[in-house]
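Student: Just need the structure, nothing else, for what follows:
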Amino acid sequence: MNSILMRKVDVTEEYQPLATERTVVTVTVSCPPGNSANVLFKGDDGSDVPWLPGEWHTLVGVNLADIQVKGAEGDTVTLVGGSW
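Tutor: Numbering: from 1, shown residues only. Sure thing, here's the model as predicted:
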């Protein structure tokens, strides 16, 4: 059975996962253009990977619990996708 995922994540100054439990989906992750600053994604080597306001990428078959983000208070990341 396919399921749809639509979610807004409020970023914080500390890294947090995009999901609190295993959630494997194909999803478009975006940083809305209204964000005040870059959102930092934790790279596979632990480095900060900045995404600009307005930047988006489609990720196929990823576990959202493995993706961590942080940024300026008031900024967000949006997720739209599903399990297909």
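Student: Strands of the chain, start to end?
Tutor: Under the criterion DSSP state E, the chain contains strands at 4-10, 16-17, 24-30, 39-42, 48-51, 56-63, 68-70, 76-82.
Student: so how far is residue 37 from residue 19?
Tutor: Applying Cβ to Cβ, to the nearest Å, the value for residue 19 to residue 37 is 23 Å. To be clear about C-beta, it is placed using only N, CA and C from the backbone, and glycine gets the same treatment.
Student: what's the answer for residue 66, then?
Tutor: For residue 66, the distance to residue 37 - Cβ to Cβ - is 23 Å.
Student: Next: residue 59.
Tutor: In terms of Cβ to Cβ, residue 59 sits 22 Å off from residue 37.
Student: One more: residue 24?
Tutor: Distance of residue 24 to residue 37, given as Cβ to Cβ: 29 Å.
Student: How many residues are close by residue 3?
Tutor: Using other Cβ atoms under 10 Å, residue 3 is surrounded by 10 other residues.
Student: can you pull the contacts of it?
Tutor: Taking Cβ atoms under 8 Å, 6 or more residues apart in numbering as the contact definition, residue 3 lies against 82, 83.
Student: ok, so what distance separates it from residue 22?
Tutor: 14 Å.
Student: go on, residue 56?
Tutor: Distance from residue 56 to residue 22, by Cβ to Cβ: 23 Å.
Student: Comparing these two, which residue is more hemmed in?
Tutor: Higher neighbour count among residue 56 and residue 22: residue 56, with 15 against 9, using other Cβ under 10 Å.
Student: export the strands of the chain to a markdown table and tack on mean pLDDT?
Tutor: Formatted as a markdown table, those follow (pLDDT from 0 to 100):
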| stretch | mean pLDDT |
| --- | --- |
| strand 4-10 | 97 |
| strand 16-17 | 98 |
| strand 24-30 | 97 |
| strand 39-42 | 98 |
| strand 48-51 | 98 |
| strand 56-63 | 97 |
| strand 68-70 | 98 |
| strand 76-82 | 97 |
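Student: Please identify the most buried of these.
Tutor: strand 39-42 (a mean of 20; mean count of other Cβ atoms under 10 Å).
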